[in-house]
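Student: No letters, just coordinates:
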C-alpha cells in the first residue's frame with residue numbers, strides 16, 4: 001500500500017487565489033480513481049523554500065491532499081503532476097509517495 005501526498009498551492013504566481021473549484025476538481029478526480037481522498041484544507045500549510053542559494057525564500061500557502069493506492073503507477077502520476085502544474089501555473093507541484101503498512 002502507498003500513501004500519495006499532493007501539495008497544492010492556494011495562490012497563483014501573481015498572488016491571486018485559485019477558485020475553490022480548482023481544488024474540488026482534483027479531489028473529485030482522485031476520489032474517482034482511488035476510491036477516496038483526504039484533503040487538509042481547514043488551515044493551510046505554509047511552505048518556505050529557496051529557489052537558489054543566493055535568492056530570497058519563497059512562501060507558499062498550501063493544501064495537502066492524499067490518497068491510498070495498492071500500487072504506484074509512476075507513469076500516471078508523472079502525467080497527472082504535469083497536468084496539475086499546468087492547471088495551477090506552477091514550475092513544479094510536489095507529489096510524494098510513502099510505503100504504508102496498514103495496522
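Tutor: Cool, the structure landed. Values in this document were obtained by computation on a predicted structure and should not be read as measured data.
Student: Next, the contact list for residue 78, please.
Tutor: Neighbouring residues of residue 78 by Cβ atoms under 8 Å, 6 or more residues apart in numbering: there are none. C-betas here are computed from N, CA, C, even on glycine.
Student: Next one: it relative to residue 85, how far apart?
Tutor: 11 Å (Cβ to Cβ, to the nearest Å).
Student: One more: residue 2?
Tutor: Note on residue 2: its distance to residue 85, by Cβ to Cβ, is 21 Å.
Student: Same question for residue 32.
Tutor: 21 Å.
Student: Compare neighbour counts for these two and give me the winner.
Tutor: Taking neighbours as other Cβ atoms under 10 Å, residue 32 and residue 85 compare with residue 85 leading, 13 against 9.
Student: What distance do you get for that one to residue 62?
Tutor: Per Cβ to Cβ, residue 85 is found 14 Å from residue 62.
Student: all strands for the protein, in order.
Tutor: Remark: strands assigned in the chain by DSSP state E are 2-9, 38-49, 58-69, 94-99.
Student: Considering the ones you listed, which stretch scores lowest in mean pLDDT?
Tutor: Lowest mean pLDDT of the strands of the chain: strand 38-49, a mean of 77.
Student: Give me the packing partners of that one, helices and strands only.
Tutor: Packed against strand 38-49, as judged by 3 or more Cβ pairs under 8 Å, 6 or more residues apart in numbering; DSSP states H and E, are the following elements: helix 20-34, strand 58-69.
Student: one more time with 10 Å
Tutor: On a contact count with 3 or more Cβ pairs under 10 Å, 6 or more residues apart in numbering; DSSP states H and E, strand 38-49 meets strand 2-9, helix 20-34, strand 58-69.
Student: Please name every helix or strand in contact with the shortest one.
Tutor: Right, the one you point to is strand 2-9. helix 20-34, strand 38-49, strand 58-69, helix 74-87, strand 94-99.
Student: gap between that strand and the chain center?
Tutor: Going by Cα atoms, centre = their mean, to the nearest Å, the spacing between the C-alpha centre of strand 2-9 and its chain's C-alpha centre is 4 Å.
Student: dump the residue contacts of residue 40.
Tutor: Neighbour list for residue 40: 5, 62-66 [criterion: Cβ atoms under 10 Å, 6 or more residues apart in numbering].
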